[in-house]
Every structure is written in C-alpha cells, then in structure tokens.
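In: Provide a 3D model corresponding to the input given below.
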Amino acid sequence: MQLDENQKRTVAGWVEEGLDLSAIQSRLETEMDIRMTYMDVRFLVGDLELTPKDEEEPEEPEPAEEPTAPAAELPTPDNPFPAPDDPTGGTATEADGDIDGGDVSVTVSPVTQPGTMASGSVTFTDGVTCDWHVDQFGRPALVPPSDGYRPPEADMPKFGQKLQQELRGGF
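Out: Coordinates of the predicted model:
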C-alpha cells in the first residue's frame, strides 16, 4: 500500500515521538484505517529511512566490575557445561561411601530422533529425570518434565561432563 506525503509525514512524526513498530501499526489502523502487517510497517519505516524506537542499536553497557573472589566459569556457546571449581559440587561421592541426594546419570537412546544427532535422558541429584537432545548443530538442550523445572545449578557441569563421556563411548 502506498501512503501519500501527508501520511508519510505523520508516520515520521510517530517515529520521532518514540513509538515502536507495534504502536505505529495500531495507529495506522485506528487513525488512517490502513491495515498493515508488522513486517509491512517495518518495510514502510525502512523505506522512509527512519529508525523506530524498538530497532535502535542498544548502547554498550558499562563493563561489569571483576569479582574479587574466583567464580566458576560461566556457560558459553562453545562450552555450555563448564567444569565447576569443585567438580564434586561439594557433595559426597560414591567413593566416599556416602551419597548426598544421589548423582547425575546420563543415558543415550539407541534410536536417534528426527532433527537430532543424539538424544536420551538425564536424572539429576534431586531425582527428576529430563529428556535431552543434541541438535544437528551440536547444541545440547534439556526437555524438562514440567514447565518451570530447573535442574540444580551444580548438576549442570556434571551433566555436561557425563554427556560428553557417553557420547564418546564411555572414554
């Protein structure tokens, strides 16, 4: 749909007011009786060489102050399961003869699900079992048994290590 010059100036004014694309889309419909999809509004604003509020480049945040105490390595796309500072997670192990809440156990399914390279299940120290899969790009993912479930944070590096062991064939 083509807008006349007056309508284009009105849209430019809305962008200058700081309206985002959704608000511009709503105003086009209510004030000008013009129905456009979100993508059409995005193209319109681009054709007018305007930058709406919701497309502005975010400002670089101030670098965070380095923590004074050594912290555990954070997950990254290249290393989604970093090793903890204390690989045992601070709990007793089977070797100690005392298991506090169990251990993380990983199984690999012999049947590969469509769209995945590998899949299986994991049981965390809290006793909850989740499905997992590794997609065709090598990205691991957990499928919790219920919405909102989050495994114990200390279990995630153990899960990553055991998953790598299982996928290497137990080596």
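In: count of neighbours near V122?
Out: For V122, the count of nearby residues is 21 (other CB atoms under 10 Å). Heads up, the C-betas are built off the backbone N, CA and C, glycines and all.
In: start at 3 instead
Out: From this message on, residue numbering opens at 3, which makes the last subject V124.
In: so it sits in a helix?
Out: No - remark: V124 does not belong to a helix; assigned using DSSP: H, G, I helix; E, B strand; the rest coil, it is strand.
In: now it: how far from P153?
Out: Counting by CB to CB, to the nearest Å, the gap from V124 to P153 is 8 Å.
In: and the protein, what are its domains?
Out: Per the record, the chain has its domains at 7-57, 96-169, by automatic domain parsing.
In: ok so, going back, next, show the common contact partners of V124 and P153.
Out: In terms of CB atoms under 8 Å, 6 or more residues apart in numbering, V124 and P153 are both contacted by the residues C132, L144, F161.
In: quick check on the second one: phi, psi?
Out: Right, L144. For L144, the backbone dihedrals (degrees, to the nearest 10) come out as phi -100, psi 140.
In: tell me how far it lies from S121.
Out: Distance, L144 to S121, by CB to CB: 11 Å.
In: count the residues that sit near K10.
Out: By other CB under 10 Å, the residues close to K10 number 15.
In: with Q138 instead?
Out: 8.
In: and what of F139?
Out: Per other CB under 10 Å, the neighbour tally for F139 reads 6.
In: now swap in R141 and tell me
Out: 11.
In: overlap in contacts of L144 and S121?
Out: D133, W134.
In: please identify which of these two sits among more neighbours.
Out: Neighbour comparison, L144 and S121: the larger count goes to S121, with 19 against 15 (by other CB under 10 Å).
In: what residues are bridge-paired with the more buried one?
Out: Legend: beta-bridge partners of S121 under DSSP bridges are H135.
In: ok, it to L52 distance?
Out: Using CB to CB, S121 is found at 46 Å from L52.
In: export the shared contacts of V124 and P153 to a markdown table and tack on distance to D35 and pLDDT?
Out: Listed next are the shared contacts of V124 and P153 as a markdown table, based on distance: CB to CB, whole Å; pLDDT from 0 to 100:
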| residue | distance to D35 | pLDDT |
| --- | --- | --- |
| C132 | 50 | 91 |
| L144 | 48 | 87 |
| F161 | 55 | 87 |
